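Undergrad: The following block contains a protein sequence and its predicted model.
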Amino acid sequence: MDRKVAFITGITGQDGSYLAEFLLKKGYKVYGMVRRASVDKYERIAHIMDKIELIQGDLLDQYSLISALKKAQPTEVYNLAAQSFVPTSWAQPVLTSEFTAIGVTRMLESIRLVDPKIRFYQASSSEMYGKVLQTPQTEETPFYPRSPYGVAKVYGHYITVNYRESYDLFAVSGILFNHESPRRGLEFVTRKVTDGVARIKLGLQKELRLGNLDARRDWGFAGDYVEAMWLMLQQETPDDYVIATGETRTVKELVQVAFDRVGLDWEKHVVLDPAFLRPAEVDLLIGDPAKAKRQLGWTPKVSFEEMIRMMVDSDLERLSQ
Ligand code: NAP
Ligand code: G4F
């Protein structure tokens with residue numbers, strides 16, 4: 001069989017770096033799309049730079065996508081690139097739509113033009129459920145997004161379904177619930193907490209300012225979730241899947257696990273700061289991964305507690321150097 005070739009947008013992000021590692025281990029030739037910047041942002045992929053090939057391109061620029069696909073000639077495209085931080089989507093709603101919504105159409109159109117046999121993965125999100133209409137959330141749960149980011153992801157989800165139905169593309173949408181790791185961006189709540197805990201433990205900072213401690217999320221480990229993306233593209237027929245742990249925790253529980261790891265009392269350090277409250281909140285997310293388990297044979301391996309401890313330990317080590 002010919003070697004499989006993957007093209008990953010968002011390869012410099014958390015998921016892109018884990019997915020590239022995973023596909024390299026499977027024997028894939030891996031191309032990653034990167035946008036031009038005045039300084040390099042290759043920290044998460046520094047350890048695999050000699051094994052992958054980077055091509056410049058931007059979801060805002062249709063021609064760059066077409067020429068990148070012509071160059072890489074992939075068998076699989078993983079569209080992970082997006083403006084992915086929810087609060088920024090209120091500050092930059094138009095740009096968020098351009099990347100996170102219309103960017104998906106640009107990528108699908110490029111695939112149709114260059115090679116309609118390419119299998120396509122779209123990074124959809126549990127943020128689409130927003131003000132949830134059913135608990136736990138499944139593939140059948142209606143969407144009710146609560147942020148410009150969530151709205152953009154709903155568009156990306158339905159355009160993927162539509163191209164599958166209109167043009168018979170092998171296009172799938174993975175509805176992934178929150179997934180974290182030591183490579184998570186510092187502004188997301190898990191990493192903000194584990195980095196803050198490490199700084200407080202090392203005497204580099206005294207307090208940790210947070211917003212809504214009552215919000216609930218279904219948090220899994222990013223390393224487990226990239227396997228599910230790959231599995232979706234290996235099926236006989238394209239379909240959409242919820243990827244989640246089936247458990248939910250409050251931000252307060254996250255804070256407790258992280259502070260417990262270093263033997264500190266969180267109530268002495270956490271300060272509630274209204275600046276981190278959102279114009280509209282997603283109060284509760286909990287996914288039902290039964291379909292993924294049944295059809296993909298996928299289950300998460302790393303528990304919530306293991307993951308948060310792993311992140312605290314990693315931040316302690318990084319900040320101690
Ligand atoms: P992330 O760490 O924020 O990475 C986002 C990636 O997108 C970065 O590589 C970024 O490149 C790239 N990017 C942004 N705008 C771009 C553009 N216009 N053109 C090309 N590349 C662009 O996100 P993540 O956590 O890995 O998430 C991956 C995907 O899954 C995203 O689509 C996210 O919305 C979705 N998702 C994430 C979660 C989660 O919990 N992590 C859950 C559900 C869905 P730069 O390095 O140049 O900024
Ligand atoms: O970590 P967060 O910023 O993640 P959020 O908004 O759930 O979005 C993440 O997961 C989505 C999947 O559901 C992805 F699609 C998306 O790209 C991203 O990866 O916030 C989690 C919760 C929120 O309820 C927020 O209000 O934590 C609460 N929170 C409380 N204090 C905070 C803070 N969030 C942040 N970022 N910073 C705080 O200080």
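TA: Done, it's in. Numbers count the residues shown, from 1 in each chain. Ligands and ions are numbered 1, 2, ... in the order given.
Undergrad: got the residues of this structure near ligand 1?
TA: Within reach of ligand 1 by CB under 6 Å from any ligand atom, the chain has these residues: 9-10, 12-16, 35, 41, 58-60, 80-84, 99, 123, 125, 176, 178-179, 185. Where C-beta positions appear, they are placed from N, C-alpha and C, glycine not excepted.
Undergrad: So residue 90 sits against residue 278, correct?
TA: Yes. Using CB atoms under 8 Å, residue 90 is in contact with residue 278, at 7.5 Å.
Undergrad: which ones among the residues of the chain next to ligand 1 are found in strands?
TA: 9, 123, 125, 176, 179 (DSSP state E).
Undergrad: and this protein, what are its domains?
TA: 5-179+219-243, 185-218+247-282+303-320 (automatic domain parsing).
Undergrad: Residues that sit against both of residue 90 and residue 278, list them.
TA: Any residue near both residue 90 and residue 278 by CB atoms under 8 Å, 6 or more residues apart in numbering counts here, and that gives residue 147.
Undergrad: neighbours around residue 260, how many?
TA: 16 (other CB atoms under 10 Å).
Undergrad: Repeat that for the one 3 residues further on.
TA: Using other CB under 10 Å, residue 263 has 7 neighbouring residues.
Undergrad: Now do it against ligand 2, distance only.
TA: Using CB to the nearest ligand atom, to the nearest Å, residue 263 is found at 23 Å from ligand 2.
Undergrad: Contacts only, for that residue.
TA: Counted by CB under 8 Å, 6+ apart, residue 263 has zero contacts.
Undergrad: still on that earlier bit, just the buried residues from the residues of the chain next to ligand 1, in ChimeraX please.
TA: Buried residues among the residues of the chain next to ligand 1 (16 or more other CB atoms under 10 Å), as a ChimeraX selection:
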select :9,10,12,13,14,15,16,35,58,59,80,81,82,83,84,99,123,125,176,178,179
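Undergrad: most packed of the domains of the chain?
TA: Here the criterion is mean neighbour count by mean count of other CB atoms under 10 Å, and of those the winner is domain 5-179+219-243, at a mean of 20.
Undergrad: Now do it, average pLDDT.
TA: The average pLDDT for domain 5-179+219-243 rounds to 98.
Undergrad: So that domain, near ligand 2 or not?
TA: Yes. Using CB under 6 Å from any ligand atom, domain 5-179+219-243 reaches ligand 2 at 84, 86, 125-127, 177-178.
Undergrad: So residue 262 is in contact with residue 309, correct?
TA: No. Look at residue 262 against residue 309 with CB under 8 Å: they stay out of range, at 9.9 Å.
Undergrad: Can you tell me which residues in the stretch 201-321 of the chain are near ligand 2?
TA: Taking CB under 6 Å from any ligand atom, the part of the stretch 201-321 of the chain that reaches ligand 2 is made up of 210-212, 215, 217, 251, 276, 278, 281-282, 285.
Undergrad: Break down this protein into its helices, ranges please.
TA: 14-25, 62-72, 86-91, 93-96, 103-114, 148-167, 189-201, 222-233, 251-261, 290-291, 304-320 (DSSP state H).
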